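Engineer: 3D, please:
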Amino acid sequence: MNILLFYRKRKRRNKCRVYTTWRFWPLCACFVPGRTDGKGVTLADLTSYYRGRDGKRQTAEVGLGGNWEDVQRFLFWSNFLSGAAGYTYGANGVWSFETEKIPFGASPHGGCWNTVPWKTALAYPGGRQMGIGKRILEQYPWWECRPHPEWVEPAATADNCWAPYCAGIPDRLRIIYFPTLISNWTTRPRVKGLEPEAVYRAHCFDPRTGRKYELGRVKGDAQGGWMAPVLPVLQDLVLVLINSRVAKSS
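Structural biologist: Numbers count the residues shown, from 1 in each chain. From the prediction side, this is the model:
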């Protein structure tokens, strides 16, 4: 994520305390392993998403108006499936290590961002759902996954951040995140590039709860495509296709 930090130190009672203030650009970006130019890859411009929300833009789960667990889920899955080397959760109280006994206090501008202890902030719904996402990924060789937007149509771009995101391992594993619902009254995404003769076992996860739904066996058509079905819950979901040959050997 594009974040600019301004640091200011102030001595207090012979101790040095670090105060931070920041501005957030409403861009979801990641840094891809292997690149040497130091540049990020813009995944989505969230300007329109935040416009009209009292002018407040943020990527941490904070109480400034409108950034809650749904945004946290979106950022987690879109970043990972687009090649981010890592991801961390943030919230007011967490970044400042606020405690009941040792409050963070006022920032340089004079205002106090919050009085929530970091242990409480870490248990916000967004924080819990980041843990669920981690546990879902740990079921698979996630470290071998690479972004494959060509495996799903439509695929997310900087101009259309609400389209699906896809990563995986050829002939073994595909993980696709659908940020919006799939229904009979919307255009259903198409999974592409399934290998000839390969049979996949399909299931999906509710990223809010971790509940797993079995979808049965999947085989591509003559063009290697498969139309995603209407999924069990009308919300964002994570679809996993694992090659049946790999599933049997694991």
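Engineer: domains for the chain, by residue range?
Structural biologist: Following automatic domain parsing, one gets these domains for the chain: 3-137, 162-249.
Engineer: lowest-confidence stretch among the ones you listed?
Structural biologist: Mean pLDDT is lowest for domain 3-137 among the domains of the chain, at a mean of 63.
Engineer: for the residue nearest the centre of the chain, which non-adjacent residue is spatially closest?
Structural biologist: By Cα atoms, centre = their mean, the chain has its centre lying nearest to F76, at 1.6 Å. Counting by Cβ to Cβ, 6 or more residues apart in numbering, F76 lies nearest to G133, which is 5.1 Å off, once chain neighbours are set aside. Glycine gets a C-beta too; all of them are placed from N, C-alpha and C.
Engineer: need the next SSE after the helix or strand the one you found falls within, C-terminal direction.
Structural biologist: In this assignment (DSSP states H and E), G133 forms part of helix 125-137. Going down the chain from helix 125-137, the next helix or strand is strand 146-147, by DSSP H and E.
Engineer: paired strands for that next one, with orientation please.
Structural biologist: strand 165-169 (antiparallel) (DSSP bridges).
Engineer: beyond the strand it pairs with, next helix or strand please.
Structural biologist: As assigned by DSSP H and E, the chain's next helix or strand after strand 165-169 is strand 173-178.
Engineer: contacting residues around the following helix or strand past that next one?
Structural biologist: Following strand 173-178 in sequence order, the next helix or strand is strand 190-191 (DSSP H and E). Outside strand 190-191, the residues within contact range by Cβ atoms under 8 Å, 6 or more residues apart in numbering are W151, V152, E153, R174, I176, V218, G220, G225, W226, M227, A228, L241.
Engineer: okay, among the residues you listed, which ones form the most distant pair?
Structural biologist: Farthest-apart pair in the contacts of strand 190-191 is E153 and V218; separation 15.8 Å (Cβ to Cβ).
Engineer: quick one: which of those two has more around it?
Structural biologist: Between E153 and V218, V218 has the larger neighbour count (other Cβ atoms under 10 Å), namely 20 against 15.
Engineer: which element is the more buried one on?
Structural biologist: V218 belongs to strand 212-219 when elements are defined using DSSP H and E.
Engineer: and that strand, what's buried?
Structural biologist: For strand 212-219, a neighbour-count test (16 or more other Cβ atoms under 10 Å) marks L215, V218 as buried.
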